[in-house]
Structure formats: C-alpha cells, structure tokens
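1. Pasting a predicted model and its sequence here:
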Amino acid sequence: MSSGRPDQTARRQFPFVFVDESQDTTTEVVEALKTVEREPGAPFCLGFFGDPMQRIYATGTGLIEAEPTWADIPKPENFRCSTKVLNLANAIRRDGDDLIQVPGHRLGPEGVVPTPEGSAHLFILPADDTRDANLVRVREWMATQTGDNTLADAILDRLMHNAHRLNLQGESMRKRKSELTEREHPM
C-alpha cells in the first residue's frame, strides 16, 4: 500500500487514463479526473474520447469543456457503421456540429475490406395513443421490405423496449402538408 495523498497514488499507479464514450460519464467523475490532472506531481495524461451527439444516458455529461493545456484530436473515421448508416447519421447531425464521419479503412488478411453499404431506416412516430398500432405498421413494412418476419419481429421488439420519445413543439408537418395538398388539389 502506498502512502501519500490518494490523487498522487493514483497518478503513480495510473499515469495514463483514457475515458471512452466520455459523453456518458457523469459530471462528478469528469470533474474528479480533471482535478487529479490539474494537481502538480507525478506525470499524468488524461484523455476523454466521446461524441456528445451520441449521448444515451441522461446522467452523462455530454460535451466536456477542454482545459487550456489540452489538445483536440479529431477522429472522423467510423469503423462500425455501414455507409447508409453513416449517411443518415451525418444528415441528422448536420446542424449540430461540423463533424462528418467517414468510413474507416478496415484491414483484413487480403488487404482493405470495403465498408458494407448496409441499410438505414429512420422512423418518426407520434408519441400518442396510436404508438402500438404505428409500431405494428413499422413491423409490417420491415417484413415486406426484407422478406424476413424474424428480423421484423426483432426490430419491433427493439423499438418497443428501447424507444425514446421526443416531444416536439409546434404544428404537425403532416397536418400542414395535408392542408396544403387539399388546397392545391381539391377533391
């Protein structure tokens, strides 16, 4: 057991601390690590790696403000997503920040492995009493598109148990569009 202040002991035992998915780290943990980093003493390298636009936990800190001595290391490469998912993610975040993710070069035994095209579907459903019926419609659409009822069931299960509701303000675009259509093309 080392003697001395706990922060100095931690610095000696763990001179490099990298926090992955830092956007989901609590503010208290981020501040504690920043405090250790600011203290003089043994060398200490602290790195936060995350994307605030991918925060999935309400308790996550999101964007971590950089200290004056920190360097920004941009990483636009994405090794996990297909090109269609990347295109959808880039379109969603277009007004959020300047990051455009690009496929990372994956290496296999024969050289560079191409990024799969994949597929991406974004469903925006009203958060009202028609939710279950709408999810069933999504399931039916997916089954028709893929020809795979098992996949459609898995997607429906994921939507039903991991869906996030967004409460939007203002008039429904669907309603506004239908009013415009009726004016332009009366029955």
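-> Sure, I can see it.
2. Quick check, pLDDT for the closest residue to Arg131 other than its chain neighbours.
-> Once flanking residues are discounted, Arg131 sits nearest to Leu125: 6.6 Å by Cβ to Cβ, 6 or more residues apart in numbering. All C-beta atoms are positioned from the backbone trio N, CA, C, and that covers glycine. We have a pLDDT of 79 for Leu125.
3. List the residues that contact Leu125.
-> Listed by Cβ atoms under 8 Å, 6 or more residues apart in numbering, the contact set of Leu125 reads 131, 134-135, 138.
4. Go through those and say which is closest to Gly118.
-> The shortest gap between Gly118 and any of those belongs to Val138, at 18.4 Å (Cβ to Cβ).
5. Please tell me how far the spatially most central residue of the chain sits from Val102.
-> Central residue of the chain (Cα atoms, centre = their mean): Gln54, 2.4 Å from the mean position. Gln54 is 16 Å from Val102, where distance means Cβ to Cβ, to the nearest Å.
6. One more: Glu21?
-> From Glu21 to Val102 the distance is 20 Å (Cβ to Cβ).
7. More neighbours: these two, which one.
-> Neighbours per residue, other Cβ atoms under 10 Å: of Glu21 and Val102, the larger number sits with Glu21, 15 against 12.
8. who's in contact with Thr59?
-> By Cβ under 8 Å, 6+ apart, the contact set of Thr59 is 24, 26.
9. which other residues reach stretch 89-102?
-> With contacts defined as Cβ under 8 Å, 6+ apart, stretch 89-102 is touched by 51, 53, 74, 76-78, 81, 86, 122.
10. any weak-confidence spans in the chain?
-> Within the chain, the ranges that satisfy pLDDT under 70 run 1-4, 6-7, 159-187.
11. just checking, what packs against the top helix by length along the chain?
-> If you go by DSSP state H, the chain has its longest helix at helix 131-146. Packing partners of helix 131-146 (3 or more Cβ pairs under 8 Å, 6 or more residues apart in numbering; DSSP states H and E): helix 149-162.
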